[in-house]
Every structure is written in structure tokens, then in C-alpha cells.
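**Student:** pasting the structure only:
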DNA sequence: ACTAATCCCGACCTTGCAGGTCGGATATAG
DNA sequence: CTATATCCGACCTGCAAGGTCGGGATTAGT
């Protein structure tokens, strides 16, 4: 496709064209960049928490992400009530509540929609019923299990668990979550 | 699609052309059809277990899936040693070991590759090291948790859990897995 | 008042690759 | 020798992920 040789493009400014690292998984179950970037965005907002609103330009620079694209994600998060925006000069986004009060499940649902490895196993009842072949479909218990496992892991972490930078001195025994929510299954 | 006159095909059986239901999830974390079809394939093979090899044509009919595509998946499963093939007339595929001995984690890894919601959280050490930004990347513990949750759920189920058809009389208390695996989080 | 920084938002664009299909070679049973 | 299989590489293709663009509305400084 694209008839012309790729020779010309590289001349001007490849820096982030050629090497924007892609982190989203390539194998079994993958999140999209929405999820990836969105979480990173939230983490930055978590770091700026307490200070006033942080602009997307600022964050885009810090995380090296396309600003225009972050806008899309930010709006999704805003509509979900996770962040609040203030417009105009010196405006930007800030968290709607303290980081420890924001479950990652909420974040990812806001970014990517219902948690559904298969539509017959959606946590949103509206989409779940689309699966007719309930007969001889024993398979779906697998997807449900997986869904619950993911949801559980996501529910069990808050933004506060991701915010802190690496602190060498402090001993970092357990994540801050006080909830006694089973992390479930760390493979031995 | 199908550049040559489609006149012949439709004459016989269009029914599944217009409506091939798509079951793979649309939101957060989704498996591809490889995973979906592949598992269904394995389940059928599980049902035929003990009987000789089952042909793909047979299974394609039973599950209403494109035969030619199943071939690809079957070869992957064969290379992973999960199924064995016998060629020639009356050939086909059969499970390499009893269903109760086949963990779903193996199946999905064979079909879709390493379990890695994000490449920095791959369970395959070879791919895992690609993530340089280890500094200030606290985010990755999230993906690791998710990965472990998924892997755990998959590891905790065997093909035997999926094979049985619906038996109305038999009381179906727990799946055969002895592990006490927390289901966790069905939202109220 | 004007300017610069922002968010807001719809329209647009492009490319990779999931999700197949095809055709032939090879093996084996009856 | 024929029908039925797997095997396997080459090919095709729609479409959504992953952005970009340009303008409008708001607000803080000066």
C-alpha cells in the first residue's frame, strides 16, 4: 500500500513517529491504548493532586503522549465524574476525589466500557443478554470466571496504589488499600 | 469480499453469512476470535474424547465455524502438544491427554500467545523485558496484578469443566476443580 | 480590550491486522 | 485410485484503533 517510498518522511521529524513505544499487549487479552494512556493520565493527575488543575499540555509532555488524543480520554473521564475540568487560562483537569477513593475498575470502565472478555460475559446487564446460544454453551462459564478475576483485581486497587514514585527508603510492605479484598491468585 | 461471482455460494447456504454472531467482547479486555473459536474447538474435541479422531469438517459443522479457519487454530494447538492429528481418510484431531489434564491457561496461551495485558507485564520473560521505562512506571504493577488474576482464573480451570453438556437432573454444585478459587465481585 | 492559555468537540484521516479464503501438496483407508 | 483428511503458504479485505485538525467557547492576566 502507499505507493511512494518511505524515504521522505524520515527527513523532517521522526523522533516520535518512529519510536512511540507501544505498550499494549500483543497476546492473550489486551487493553487498548485508551486504557494504557488513560491510566497514565490519571496517575499524573494523582501526583498533581492538591495543587490546582493540571493542563493536558503539561501532562502530555510529562508522559510523552499526544495531547490531542488525551483530550478524548479526558472527556470520557470527566463524563464519568472521575475528573473535573476548569476551562480558560490556567485551567486543566484535576481529580474529582482523592486518589485512594478511585478504584481502577471505575477508571477502566470509563475509558474502555464494560468489562467483557466476551459479550456473553459482560458486567453490564444490557449487553450481557445478547448471547442466545445458552444451550450447549458451557463455555461461557470460562469467560465469566475470567471477567470476575479481572474485575476483582481492578476493584482491589485504587489510584493511590499507583501514584507514589519510587521511594527507596520507605519500606513498602503492602499497598495502601485498607479494604480486605482478596487479591486472588498470585501464582506460586 | 469474494471477488468472483458469489452466485453459486448463496444458492446453497447463506444463513450463516449474513448472521455470524460475534461473541468476542467489545469493551475492556477482549479475547480475539482465535481464543473464542479455539476454545470451542477444544470443547468439542473434549466431547469426542475416547472416540477416534474427529475431523475438522465435523466440528466446523457442529459449532458452525469456518472450517478453513479452524485449521489454523488446530495447528497451533498441535504444535503446543495439546492435540494430536492423524492424516488421511478417517483422520482428524483428538486430545493429547484427558480433558481434566488440560488447563485452560495452556489452551489460550497456545492460541493467542503469552498472557500479557501489557507487554511490560508478560508472563513470557522474553517479551517482558522490552519495557525500559522502569523508572516512574509504577503503573505496571496494575497490569501485573491483572495478568496474575487472569492467569489464575485460567489456570484454575480445566477443559473438563467445560465439556459436560447441560444435565438437568444432576445437581451441579461446584465445577470439578478442587481449588477454592475466589469468584469475587459480582456487582450489585 | 486584547491576548494567551485552556478545554470542548465534531470531522477527518490512515494503517495494521484480525479474520478470514483459496488452492494445492501430502498422507492414508477402503 | 479415489475419497477423505490434514498440512501449509499465499492471498485478500473491512474496519476500527489510534490518532490529527481546526475551530469555537471560556477564562486569567495585563
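**Tutor:** Right, received. Where do you want to start? All values derive from a computational prediction rather than experimental measurement. Numbers count the residues shown, from 1 in each chain, chains lettered A, B, ... in the order given.

**Student:** Quick check: pLDDT value at the single nearest residue of chain A relative to DNA strand D.
**Tutor:** Residue of chain A nearest DNA strand D, by CB to the nearest atom of the strand: residue A:88 (2.3 Å). In this view, the C-beta of every residue, glycine as well, is placed from N, C-alpha and C. At residue A:88, the model reports a pLDDT of 97.

**Student:** now residue A:17
**Tutor:** pLDDT at residue A:17 comes out at 37.

**Student:** And residue A:178, by the same measure?
**Tutor:** 44.

**Student:** list the contacts for residue A:101?
**Tutor:** By CB atoms under 8 Å, 6 or more residues apart in numbering or on different chains, residue A:101 lies in contact with residue A:158.

**Student:** Could you pull up phi and psi at it?
**Tutor:** phi -110, psi 10 (degrees, to the nearest 10).

**Student:** And residue A:28, by the same measure?
**Tutor:** According to degrees, to the nearest 10, residue A:28 has phi -60, psi 140.

**Student:** contacting residues around it?
**Tutor:** B:31, B:35, B:108, B:109, B:111, B:112, B:113, B:114, B:115, B:116, B:150.

**Student:** try 6 Å
**Tutor:** Residues in contact with residue A:28 (CB atoms under 6 Å, 6 or more residues apart in numbering or on different chains) are B:108, B:112, B:115.

**Student:** who wins for neighbours among those?
**Tutor:** Using other CB atoms under 10 Å in any protein chain shown as the neighbour criterion, residue B:108 leads these with 26 neighbours.

**Student:** phi, psi of the residue of chain A closest to DNA strand D?
**Tutor:** Per-residue torsions, residue A:88: phi 80, psi 180 (degrees, to the nearest 10).

**Student:** how far away is it from residue A:74?
**Tutor:** 16 Å (CB to CB, to the nearest Å).

**Student:** what's the answer for residue A:165, then?
**Tutor:** As for residue A:165, its distance to residue A:74 is 22 Å (criterion: CB to CB).

**Student:** Which one of those two is surrounded by more residues?
**Tutor:** Neighbours were counted for residue A:165 and for residue A:74 using other CB under 10 Å; residue A:74 has more, 21 against 8.

**Student:** Near DNA strand C, which residues of chain A? Just list them.
**Tutor:** A:1-2, A:53, A:55-58, A:68, A:71, A:74-75, A:78, A:85-93 (CB under 7 Å from any atom of the strand).

**Student:** Let me see the ranges of the helices in chain A.
**Tutor:** A:9-12, A:15-18, A:33-47, A:56-63, A:67-79, A:104-112, A:125-128, A:140-155 (DSSP state H).

**Student:** Quick one: list the elements packing against the last one.
**Tutor:** Which is helix A:140-155. helix A:104-112, helix B:140-155 (3 or more CB pairs under 6 Å, 6 or more residues apart in numbering or on different chains; DSSP states H and E).

**Student:** would you turn the ones you listed into JSON lines with distance to DNA strand D and mean pLDDT?
**Tutor:** Formatted as JSON lines, the helices and strands packed on helix A:140-155 follow (distance: least, CB to the nearest atom of the strand, whole Å; pLDDT from 0 to 100):
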{"stretch": "helix A:104-112", "distance to DNA strand D": "9", "mean pLDDT": "97"}
{"stretch": "helix B:140-155", "distance to DNA strand D": "15", "mean pLDDT": "94"}
